[in-house]
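*Asks:* For reference, the sequence and a predicted model appear below.
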Amino acid sequence: MKVRLLLGPLLAIALLLSGCGYDAVKEQKVKKELAQMALDYVKEKYGMKEAKLAEVKLSHSGYNGPIPDFKHEVPDSGVVTLEYNGVSFGVLAGPSWNRFSDEIKNVLSDNYQTEQIKADIQEQLIDKHKVTDEYYLHTYRVSSEQDFGGIDYFTLEQKYDGNLETFLKSNKLGLELEVFFKGNEAGGEHYFEENKALFHQLASRFSNAASEISLYVSKEDRYMDERMKDILDPKNPMAIDPIIYGPAYNYCKITGETHNSEYVERIRKEHPKSNMETLEVKENRFAFVDIGKGISLASMFENSDFFTVDDVIYSVRPLEDSDPFTGAD
């Protein structure tokens, strides 16, 4: 009798726990469905009849979607890794979140052509309008999120045929770009104007998208020196050290953002006082003042220059070890 009394509650708890558990059978079913969707997709887009399945990783609301929930539910979207002629690439499949419209819908996109698109943008835009002969590309990513794709992922309609101008104009693409050019003091004003011209060349091609573009002209004697390389190394925990954005390394910078026009319209409706524009630009020519005691100051205002110590008001305080400016030039 005691055994029966114990078995009843235990059986109920077991059934309850099993009902709340992760459904492994459903997981395999979803993976199989996404894999088939991906294979059919690349066959339609590229004619890849011999593409092979390598892996399927599930996620909630796509590759670049919102923060996943932690329920014991099987995600209905994910990234399918395929292989074709020795090349491995990903296909984003299933429901995906669009941060511009805040909607979720089914989407298929891939990154098979990403490297070629990047190489052509570098050659046909940056090289064509470059500020100086020598430069360093620190950040370089393409975004098609407005079409429910992901960073460096492109949809069925966004097939690249090698015509860069047509591809850029007919698709709502975004660019995350950070470039350091090598310059010298004599050409400071010239570099600033060239920098601005290149920025607008890039922005004009991404004005219907969400882009973050930053262009710098760095001092010749410090361009990509060991300190700079260390700062830019993604493995370095101090990689965001703000000194690289000041005059210790740079003469000037042009930074700006382009925003999807539909996104701007939605933000203005939700926040009537918002002054967001489709193109926002900040221009900064740096000047450098040594005020003694091992401390140097810089103009961090738009188009404002510091020439002498009398041009600035400052206070001096000890730097703690945790201060991000510790060790700055």
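*Replies:* That came in fine, so what should we check first?

*Asks:* care to break this structure down by domain?
*Replies:* By the assignment in automatic domain parsing, the chain contains the domains 23-109, 114-285.

*Asks:* export those to JSON lines and tack on mean neighbour count and mean pLDDT?
*Replies:* The way it works is simple: take the backbone N, C-alpha and C, and place the C-beta from them, glycine included. Listed next are the domains of the chain as JSON lines, based on neighbours: other C-beta atoms under 10 Å; pLDDT from 0 to 100:
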{"stretch": "domain 23-109", "mean neighbour count": "16", "mean pLDDT": "84"}
{"stretch": "domain 114-285", "mean neighbour count": "17", "mean pLDDT": "85"}
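
*Asks:* Just list the residues touching the residue lying closest to residue 224 once chain neighbours are set aside, thanks.
*Replies:* Excluding its sequence neighbours, the residue lying closest to residue 224 (C-beta to C-beta, 6 or more residues apart in numbering) is residue 136, at 5.8 Å. Neighbour list for residue 136: 179, 180, 223, 224, 232 [criterion: C-beta atoms under 8 Å, 6 or more residues apart in numbering].

*Asks:* Please identify the helix or strand for residue 136.
*Replies:* strand 135-143 (DSSP states H and E).

*Asks:* Toward the C-terminus, what is the element adjacent to the top helix by length along the chain?
*Replies:* Secondary structure of the chain per DSSP state H: the longest helix is helix 24-46. Once the chain leaves helix 24-46, the next helix or strand it forms, by DSSP H and E, is strand 52-59.

*Asks:* coming back round to it: show me what the longest helix of the chain is in contact with.
*Replies:* 48-49, 51, 53, 56, 58, 74-78, 80, 82, 84, 91, 93-94, 108, 110, 112, 156, 159.

*Asks:* Just the ones in strands from those residues, please.
*Replies:* Judged by DSSP state E, those include 53, 56, 58, 77-78, 80, 82, 84, 91, 93-94, 108, 110 as members of strands.

*Asks:* for the chain, what spans make up the helices?
*Replies:* Going by DSSP H, the chain shows helices at 2-20, 24-46, 114-121, 164-170, 188-205, 226-232, 261-270.

*Asks:* re the thing from before, turn the ones in strands among the contacts of helix 24-46 into JSON lines, including distance to residue 270.
*Replies:* JSON lines is the format used below for those (distance: C-beta to C-beta, whole Å):
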{"residue": "53", "distance to residue 270": "42"}
{"residue": "56", "distance to residue 270": "36"}
{"residue": "58", "distance to residue 270": "32"}
{"residue": "77", "distance to residue 270": "26"}
{"residue": "78", "distance to residue 270": "31"}
{"residue": "80", "distance to residue 270": "35"}
{"residue": "82", "distance to residue 270": "39"}
{"residue": "84", "distance to residue 270": "43"}
{"residue": "91", "distance to residue 270": "33"}
{"residue": "93", "distance to residue 270": "30"}
{"residue": "94", "distance to residue 270": "28"}
{"residue": "108", "distance to residue 270": "30"}
{"residue": "110", "distance to residue 270": "32"}
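
*Asks:* between those, which is nearest residue 257?
*Replies:* residue 110 (26.5 Å; C-beta to C-beta).

*Asks:* residues contacting the nearest residue to the closest one once chain neighbours are set aside?
*Replies:* Using C-beta to C-beta, 6+ apart and skipping residues adjacent in sequence, the residue nearest residue 110 is residue 91, 4.6 Å away. The neighbours of residue 91, taking C-beta under 8 Å, 6+ apart as the test, are 38, 41, 42, 79, 80, 81, 82, 108, 109, 110.

*Asks:* I'd like to know how many residues surround the last one.
*Replies:* Same thing as residue 110. 28 (other C-beta atoms under 10 Å).

*Asks:* show me what contacts it?
*Replies:* So residue 110 contacts 38, 41, 42, 45, 89, 90, 91, 92, 153, 154 (C-beta under 8 Å, 6+ apart).

*Asks:* at 10 Å instead, please
*Replies:* Going by C-beta atoms under 10 Å, 6 or more residues apart in numbering, residue 110 touches 38, 41-42, 45-46, 79-80, 82, 89-93, 149-150, 152-156, 158-159.

*Asks:* Tell me the spacing between residue 116 and residue 167.
*Replies:* Noted for residue 116: a distance of 11 Å to residue 167, by C-beta to C-beta, to the nearest Å.

*Asks:* Identify the contacts common to the two.
*Replies:* Taking C-beta under 10 Å, 6+ apart as the contact rule, residue 116 and residue 167 both touch residue 160.
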